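>>> Structure here, sequence nowhere to be found:
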């Protein structure tokens, strides 16, 4: 498949050694910095609140009232990025889905190893429910390592008998920290298998094996989960873990919608602000799924 010139230009600009396996977590934070901390629009209202004792961003587009909520577990390979540098991604979600967004400022590894991030996402979600929000109005979203956190949240809610969100959407989610398998052709400019494993090691710090189901939900029991929507890129380094998770969920009776996107790489959704056609199309599918699965309503039309 021929990818768009806009996406190809971005791929060509990424250095070949971008995901250096020898990089430590400090180098990773520095590497991600140019991609994060971007300005947000004047009509995005950002309120910092604590849900379940966890600091969270609460985002609303002014003039776009909606009782649909996206609870977003953000990416950053467990070691990056703090909430205050990730407001721009909440705006992407708010605009593309037309909803309110809640994003927990979960603690980062290696200063705060497992289960810190998992605990923070769980506590923030439960704290949100304590405000009276209906779980049927919540769309759970996980981006990259946030996919692992989102599925971990679902599994913990299920096992505790607590209300789960209406659905879960994965944006090139990372579900196998061990990267037992990875694509054998094509180039993912953002990730390499060993780089990914090292970030998993930063998080588990020897407490768990990288393929332990508590951190790698691809290997967990999937029964009793809400509908899953997985968008998977052909060249994404963590693709195989998502495929395994989808197969295990399907075998467990979970409703799974899986889309394979030819030519796509890790995290291409974040390029929507660059007007990359593939990112725009991906978000259109996400919006359709989210609106079909939730009871939330929006009074405004999508502005893109």
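Perfect, thanks for sending it. Fair warning: this is a prediction, and the values are worked out from it, not measured in the lab.

>>> quick one: low-confidence ranges for this protein?
1, 184-185, 296-304 (pLDDT under 70).

>>> how does it look with 50?
Along the chain, the model assigns pLDDT under 50 to residues 298-304.

>>> Tell me who's in contact with the most centrally placed residue in it.
A centroid search over the chain (C-alpha atoms, centre = their mean) returns residue 143, at 1.5 Å, as the residue closest to the centre. For residue 143, the contacting residues are 72, 73, 74, 75, 89, 171, 172, 173, 267, 269, 270, by C-beta atoms under 8 Å, 6 or more residues apart in numbering. C-beta coordinates here come from the backbone N, C-alpha and C atoms, glycine included.

>>> so what's it bridging to?
Residues in a beta bridge with residue 143, per DSSP bridges, are residue 171.

>>> How about residue 69?
residue 100, residue 138.

>>> That one: neighbouring residues, count only.
24 (other C-beta atoms under 10 Å).

>>> Equivalent analysis for residue 220, please.
21.

>>> And for residue 136?
Neighbour count for residue 136, taken as other C-beta under 10 Å: 16.

>>> Equivalent analysis for residue 252, please.
As a burial measure, residue 252 scores 14 neighbours (other C-beta under 10 Å).

>>> and if you look at residue 64?
By other C-beta under 10 Å, neighbour count at residue 64 equals 19.

>>> That one and residue 219, how far apart?
Residue 64 sits 39 Å away from residue 219, going by C-beta to C-beta, to the nearest Å.

>>> thinking again about what came up before, just among the contacts of residue 143, which is most surrounded?
Neighbour-wise, the contacts of residue 143 (other C-beta under 10 Å) top out at residue 173, 33 neighbours.

>>> Now for that residue: which residues touch it?
By C-beta under 8 Å, 6+ apart, residue 173 lies in contact with 142-144, 146-148, 150-151, 230, 238, 241-242, 245.

>>> element containing residue 11?
Using DSSP states H and E, residue 11 sits within helix 5-13.

>>> Identify the residues contacting that helix?
By C-beta under 8 Å, 6+ apart, helix 5-13 touches 3, 187, 189, 263, 265, 268, 271, 274-279.

>>> Name the nearest residue to residue 248, ignoring sequence neighbours.
residue 222 (5.0 Å; C-beta to C-beta, 6 or more residues apart in numbering).

>>> So what does that neighbour have for phi and psi?
phi -100, psi 0 (degrees, to the nearest 10).

>>> Is it in contact with residue 252, as I believe?
Yes: using C-beta atoms under 8 Å, residue 222 is in contact with residue 252, at 4.0 Å.

>>> residue boundaries of the helices in this protein?
Taking DSSP state H, the helices of the chain run over residues 5-13, 25-32, 87-93, 116-130, 145-160, 193-204, 239-251, 277-293.

>>> okay if I get those helices as JSON lines plus distance to residue 52?
Formatted as JSON lines, those follow (distance: least, C-beta to C-beta, whole Å):
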{"stretch": "helix 5-13", "distance to residue 52": "37"}
{"stretch": "helix 25-32", "distance to residue 52": "26"}
{"stretch": "helix 87-93", "distance to residue 52": "18"}
{"stretch": "helix 116-130", "distance to residue 52": "3"}
{"stretch": "helix 145-160", "distance to residue 52": "12"}
{"stretch": "helix 193-204", "distance to residue 52": "21"}
{"stretch": "helix 239-251", "distance to residue 52": "26"}
{"stretch": "helix 277-293", "distance to residue 52": "23"}
